[in-house]
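Trainee: just coords:
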(Lines give C-alpha, C1' and ligand atoms only; values in the text may rest on other atoms or scores of the structure.)
Protein backbone atom coordinates (compact mmCIF):
# COMPACT_ATOMS: atom_id res chain seq x y z
CA UNK A 1 0.00 0.00 0.00
CA UNK A 2 2.84 2.39 0.81
CA UNK A 3 4.47 1.90 -2.60
CA UNK A 4 1.12 2.64 -4.22
CA UNK A 5 0.71 5.74 -2.05
CA UNK A 6 4.19 6.92 -3.03
CA UNK A 7 3.40 6.35 -6.69
CA UNK A 8 0.05 8.12 -6.47
CA UNK A 9 1.47 11.13 -4.63
CA UNK A 10 4.32 11.36 -7.14
CA UNK A 11 1.78 11.22 -9.96
CA UNK A 12 -0.31 13.91 -8.27
CA UNK A 13 2.81 16.05 -8.10
CA UNK A 14 3.47 15.58 -11.81
CA UNK A 15 -0.14 16.08 -12.76
CA UNK A 16 -0.51 19.06 -10.45
CA UNK A 17 2.10 20.99 -12.43
CA UNK A 18 0.32 20.06 -15.66
CA UNK A 19 -3.13 20.92 -14.34
CA UNK A 20 -1.97 24.20 -12.86
CA UNK A 21 -0.83 25.41 -16.28
CA UNK A 22 -3.90 24.11 -18.11
CA UNK A 23 -6.36 27.01 -18.41
CA UNK A 24 -4.56 28.67 -15.47
CA UNK A 25 -6.67 26.72 -13.00
CA UNK A 26 -5.43 24.74 -10.05
CA UNK A 27 -6.85 21.38 -9.04
CA UNK A 28 -6.09 20.31 -5.49
CA UNK A 29 -4.26 16.99 -5.14
CA UNK A 30 -6.37 14.16 -3.65
CA UNK A 31 -9.60 16.03 -4.47
CA UNK A 32 -12.56 14.46 -6.29
CA UNK A 33 -11.83 16.86 -9.13
CA UNK A 34 -8.23 15.61 -9.41
CA UNK A 35 -9.36 11.98 -9.29
CA UNK A 36 -11.89 12.66 -12.07
CA UNK A 37 -9.27 14.49 -14.12
CA UNK A 38 -6.89 11.51 -13.91
CA UNK A 39 -9.57 8.91 -14.61
CA UNK A 40 -10.86 10.84 -17.63
CA UNK A 41 -7.38 10.97 -19.18
CA UNK A 42 -7.24 8.18 -21.81
CA UNK A 43 -3.47 7.65 -21.47
CA UNK A 44 -3.23 7.71 -17.67
CA UNK A 45 -2.46 3.99 -17.52
CA UNK A 46 -3.92 3.64 -14.03
CA UNK A 47 -7.12 4.42 -12.11
CA UNK A 48 -7.09 6.95 -9.30
CA UNK A 49 -9.27 6.50 -6.23
CA UNK A 50 -9.54 7.66 -2.62
CA UNK A 51 -7.54 5.86 0.06
CA UNK A 52 -8.63 5.05 3.58
CA UNK A 53 -5.01 5.50 4.69
CA UNK A 54 -4.79 9.26 4.14
CA UNK A 55 -7.11 12.16 3.45
CA UNK A 56 -4.63 14.92 2.66
CA UNK A 57 -1.14 15.33 1.24
CA UNK A 58 0.12 15.94 4.78
CA UNK A 59 -1.28 12.54 5.82
CA UNK A 60 0.45 10.92 2.83
CA UNK A 61 3.73 12.68 3.56
CA UNK A 62 3.63 11.55 7.21
CA UNK A 63 2.98 7.94 6.15
CA UNK A 64 5.97 8.15 3.82
CA UNK A 65 8.23 9.52 6.55
CA UNK A 66 8.72 12.89 4.88
CA UNK A 67 10.25 15.60 7.00
CA UNK A 68 10.71 19.27 6.23
CA UNK A 69 14.20 20.28 5.17
CA UNK A 70 15.77 22.77 7.56
CA UNK A 71 18.48 25.34 6.71
CA UNK A 72 21.35 23.06 7.78
CA UNK A 73 20.05 20.21 5.63
CA UNK A 74 19.88 22.57 2.64
CA UNK A 75 23.47 23.71 3.23
CA UNK A 76 24.69 20.11 3.41
CA UNK A 77 23.02 18.96 0.19
CA UNK A 78 25.25 17.15 -2.25
CA UNK A 79 25.41 18.53 -5.78
CA UNK A 80 23.07 17.07 -8.37
CA UNK A 81 24.68 14.49 -10.64
CA UNK A 82 24.36 15.23 -14.34
CA UNK A 83 23.25 12.22 -16.40
CA UNK A 84 23.61 12.21 -20.16
CA UNK A 85 21.00 10.79 -22.53
CA UNK A 86 21.75 7.14 -23.27
CA UNK A 87 19.61 6.54 -26.41
CA UNK A 88 18.18 3.36 -24.88
CA UNK A 89 14.84 1.86 -25.89
CA UNK A 90 12.57 1.79 -22.85
CA UNK A 91 9.36 -0.28 -22.93
CA UNK A 92 6.12 1.67 -22.66
CA UNK A 93 5.22 -0.35 -19.56
CA UNK A 94 6.76 -2.84 -17.15
CA UNK A 95 5.21 -4.66 -14.19
CA UNK A 96 7.72 -6.46 -11.98
CA UNK A 97 4.88 -8.48 -10.42
CA UNK A 98 4.21 -10.04 -13.83
CA UNK A 99 7.90 -10.46 -14.70
CA UNK A 100 8.64 -12.30 -11.43
CA UNK A 101 5.27 -13.69 -10.18
CA UNK A 102 7.08 -16.17 -7.90
CA UNK A 103 8.46 -13.24 -5.85
CA UNK A 104 5.53 -12.30 -3.64
CA UNK A 105 7.64 -9.71 -1.79
CA UNK A 106 7.41 -7.43 -4.84
CA UNK A 107 3.70 -6.88 -4.14
CA UNK A 108 4.13 -6.32 -0.40
CA UNK A 109 3.91 -2.79 0.93
CA UNK A 110 5.40 -2.19 4.34
CA UNK A 111 3.92 0.37 6.71
CA UNK A 112 6.60 2.74 7.95
CA UNK A 113 3.96 5.04 9.48
CA UNK A 114 5.75 8.01 11.05
CA UNK A 115 9.21 6.49 10.91
CA UNK A 116 11.91 8.81 9.59
CA UNK A 117 13.90 5.97 8.05
CA UNK A 118 12.20 5.69 4.68
CA UNK A 119 15.62 4.94 3.19
CA UNK A 120 15.87 1.83 5.37
CA UNK A 121 12.47 0.55 4.30
CA UNK A 122 13.26 1.16 0.63
CA UNK A 123 16.66 -0.50 0.93
CA UNK A 124 15.45 -3.69 2.64
CA UNK A 125 12.45 -3.96 0.32
CA UNK A 126 14.76 -3.73 -2.71
CA UNK A 127 17.23 -6.23 -1.20
CA UNK A 128 14.42 -8.66 -0.32
CA UNK A 129 13.08 -8.48 -3.88
CA UNK A 130 16.59 -8.80 -5.41
CA UNK A 131 17.32 -11.97 -3.40
CA UNK A 132 14.14 -13.59 -4.69
CA UNK A 133 14.66 -12.44 -8.29
CA UNK A 134 18.33 -13.49 -8.40
CA UNK A 135 17.58 -16.93 -6.95
CA UNK A 136 14.68 -17.52 -9.35
CA UNK A 137 12.31 -17.69 -6.40
CA UNK A 138 14.35 -20.38 -4.60
CA UNK A 139 15.25 -18.06 -1.73
CA UNK A 140 12.72 -15.94 0.09
CA UNK A 141 14.15 -13.58 2.69
CA UNK A 142 12.24 -10.88 4.51
CA UNK A 143 14.87 -8.39 5.56
CA UNK A 144 14.07 -5.93 8.34
CA UNK A 145 14.46 -2.15 8.36
CA UNK A 146 14.95 -2.37 12.13
CA UNK A 147 17.88 -4.76 11.66
CA UNK A 148 19.42 -2.36 9.15
CA UNK A 149 19.45 0.68 11.43
CA UNK A 150 19.68 -0.97 14.87
CA UNK A 151 23.45 -0.54 15.01
CA UNK A 152 23.33 3.16 14.18
CA UNK A 153 22.22 5.73 16.73
CA UNK A 154 22.23 8.66 14.31
CA UNK A 155 20.88 7.35 10.99
CA UNK A 156 17.64 9.31 10.84
CA UNK A 157 16.04 6.33 12.52
CA UNK A 158 13.37 6.41 15.20
CA UNK A 159 12.08 2.91 14.57
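Mentor: Okay, I see it. This one's a predicted model, so the numbers in the text were calculated from it and none came from an experiment. Residues are numbered from 1 along each chain as shown.

Trainee: got a pLDDT number for residue 112?
Mentor: Per-residue pLDDT puts residue 112 at 75.

Trainee: quick one: which helix or strand includes the nearest residue to it once chain neighbours are set aside?
Mentor: Of all residues not flanking residue 112 in the chain, residue 121 sits nearest, at 4.8 Å (C-beta to C-beta, 6 or more residues apart in numbering). To be clear about C-beta, it is placed using only N, CA and C from the backbone, and glycine gets the same treatment. According to DSSP states H and E, residue 121 maps onto helix 118-134.

Trainee: how far off centre is that helix?
Mentor: In terms of C-alpha atoms, centre = their mean, to the nearest Å, the centre of helix 118-134 is found 13 Å from the chain centre.

Trainee: which positions within the helix or strand that it is followed by qualify as buried?
Mentor: Proceeding N to C from helix 118-134, the next assigned helix or strand is helix 145-149, under DSSP H and E. For helix 145-149, the neighbour count (16 or more other C-beta atoms under 10 Å) marks 145, 148-149 as buried.

Trainee: will you turn the residues you listed into TSV that also has pLDDT?
Mentor: Below are those laid out as TSV (pLDDT from 0 to 100):
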residue	pLDDT
145	82
148	78
149	76
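
Trainee: about what we covered before: what mean pLDDT does the helix holding residue 121 get?
Mentor: 89.

Trainee: between the buried residues of helix 145-149, which is nearest residue 134?
Mentor: Nearest to residue 134 among those is residue 148, at 19.0 Å by C-beta to C-beta.

Trainee: which intervals of this protein have sub-threshold pLDDT?
Mentor: Within the chain, the stretches with pLDDT under 70 are 1-24, 65-66, 115, 151-159.

Trainee: where do the helices sit along it?
Mentor: 2-21, 32-40, 57-63, 71-75, 96-99, 118-134, 145-149 (DSSP state H).
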